[in-house]
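Student: Fold the following for me, if possible:
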Amino acid sequence: QVQLVESGGGLVQAGGSLRLSCAASGRTFSSYAMGWFRQAPGKEREYVAAISESGGVAYYANSVKGRFTISRDNAKNMVYLQMNSLKPEDTAVYYCAANSNVRRIVAGWAGMDYWGKGTLVTVSS
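Tutor: Down below sits the predicted model:
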């Protein structure tokens, strides 16, 4: 079992930055690929970024490429999402997710092995 708890959300002006954190419980954390998804009001949940089990490979949705950076620290059971140059359209609840296959995260599968409860990011114009 893996439990995921996100933090770091908040209100920020357009052009600003935030760093989201996801704390994972369980001794098998390093065996999972990790990802971030988001869901804006009235829209479906969408894939944002993913990272391999070792942290050696990262993937990004086109909408955030060049602005967001995903990273992980397996020694601390943590995953991060550094978000720069934020735009109002980045406003959403951001969810951390774990899956045994990073390709499923990149493909935006809804059936992740584990989900966090989300943290709200609001970007004002």
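Student: Report the separation between the most centrally placed residue in the chain and Ser17.
Tutor: With distances taken as Cα atoms, centre = their mean, the residue of the chain nearest its centroid is Trp36 (2.1 Å). As defined by Cβ to Cβ, to the nearest Å, Trp36 lies at a distance of 15 Å from Ser17. C-betas here are computed from N, CA, C, even on glycine.
Student: do Tyr47 as well
Tutor: 21 Å.
Student: Between the two, which has more neighbouring residues?
Tutor: Between Tyr47 and Ser17, counted using other Cβ atoms under 10 Å, the more crowded position is Tyr47 (21 against 11).
Student: tally of neighbours for the closest residue to Thr28 other than its chain neighbours?
Tutor: In space, and not counting its chain neighbours, Thr28 is closest to Val2: 6.6 Å by Cβ to Cβ, 6 or more residues apart in numbering. When neighbours are counted by other Cβ under 10 Å, Val2 registers 17.
Student: from what I can see Val2 touches Ser31, true?
Tutor: No: under the criterion of Cβ atoms under 8 Å, Val2 makes no contact with Ser31, lying 9.4 Å away.
Student: what do those two both touch?
Tutor: Counting by Cβ atoms under 8 Å, 6 or more residues apart in numbering, Val2 and Ser31 have no common neighbour.
Student: re earlier: I figured the residue nearest to the centre of the chain was touching Ala98, is that so?
Tutor: No: in this structure Trp36 lies outside contact range of Ala98 using Cβ under 8 Å: 11.1 Å.
Student: Does Glu46 touch Gln39 like I think?
Tutor: Yes: using Cβ under 8 Å, Glu46 is in contact with Gln39, at 7.2 Å.
Student: Identify the contacts common to those two.
Tutor: Contacts common to Glu46 and Gln39, judged by Cβ under 8 Å, 6+ apart, are absent.
Student: and Pro88, backbone torsions?
Tutor: phi -60, psi -30 (degrees, to the nearest 10).
Student: residues in contact with it?
Tutor: Ala14, Val123, Ser124, Ser125.
Student: Could you identify the buried members of those?
Tutor: Val123 (16 or more other Cβ atoms under 10 Å).
Student: Now pLDDT too, for the contacts of Pro88, in CSV please.
Tutor: As requested, the contacts of Pro88 are arranged in CSV below (pLDDT from 0 to 100):
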residue, pLDDT
Ala14, 98
Val123, 98
Ser124, 97
Ser125, 94
